[in-house]
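Peer 1: Need the 3D shape of this:
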Amino acid sequence: MSEAQFKKAVEIVGSLPKDGPVKPSTDDQLYFYKYFKQATIGDVNTTRPGLLDFTGKAKWDAWAEVKGTSKEEAWKKYVERFLAILEAAGDDASKKHIEEIKAAA
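Peer 2: I've put the predicted structure just below:
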């Protein structure tokens, strides 16, 4: 996967309508989060949030799971997961998004 394909996938994920046919699960969202952070920042570089910040801890833990992953591998994992979600949806908009991602160079 190229950086351009990763950026296109990130753009599309960020613009998905809440009531649209493609609804990434909570697990998918954490997956995208951890690989986005790994691809754009690298290894987790903050302290783990406190006890009462459940969402923050889940995000931090997810990101920490992929410590040492290269940005290229993070791009690949992010894009592959999103393409699988789009392919499963199978609607016309999803097919268009798949074409856009694959065409990005």
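Peer 1: Does anything pack onto the helix or strand that contains Asp27? Which helices or strands?
Peer 2: For Asp27, the host element (DSSP states H and E) is helix 26-40. In terms of contacts (3 or more CB pairs under 8 Å, 6 or more residues apart in numbering; DSSP states H and E), helix 26-40 is packed against helix 3-15, helix 54-65, helix 71-89. For every residue, glycine as well, the C-beta is placed using N, CA and C.
Peer 1: by how many degrees do that helix and helix 54-65 diverge?
Peer 2: For the pair helix 26-40 and helix 54-65, the angle between their directions (axes from the mean of the first three to the mean of the last three CA atoms, to 10 degrees) equals 50 degrees.
Peer 1: And helix 26-40, what's buried?
Peer 2: Across helix 26-40, burial judged by 16 or more other CB atoms under 10 Å covers Asp28, Leu30, Tyr31, Phe32, Tyr33, Lys34, Tyr35, Phe36, Lys37, Gln38, Ala39.
Peer 1: How about stretch 40-52?
Peer 2: In stretch 40-52, counting by 16+ other CB under 10 Å, buried: Val44.
Peer 1: ok, now stretch 68-75?
Peer 2: Within stretch 68-75, the residues that count as buried by 16+ other CB under 10 Å are Thr69, Ala74, Trp75.
Peer 1: What pLDDT is listed against the closest residue to the last one other than its chain neighbours?
Peer 2: Among residues not flanking Trp75 along the chain, Phe6 sits closest, at 3.8 Å (CB to CB, 6 or more residues apart in numbering). Among the per-residue scores, Phe6 shows a pLDDT of 98.
Peer 1: so what's Phe6 up against?
Peer 2: Residues near Phe6 by CB atoms under 8 Å, 6 or more residues apart in numbering: Ala39, Ala74, Trp75, Tyr78, Val79.
Peer 1: Gln38 now?
Peer 2: Taking CB under 8 Å, 6+ apart, we find Gln38 in contact with Trp63, Val66, Thr69, Lys71, Ala74.
Peer 1: What separation is there between the nearest residue to it once chain neighbours are set aside and Asp19?
Peer 2: Spatial nearest neighbour of Gln38, chain neighbours left out: Ala74 (4.2 Å); criterion: CB to CB, 6+ apart. To Asp19, Ala74 is 29 Å away according to CB to CB, to the nearest Å.
Peer 1: No further questions, thank you.
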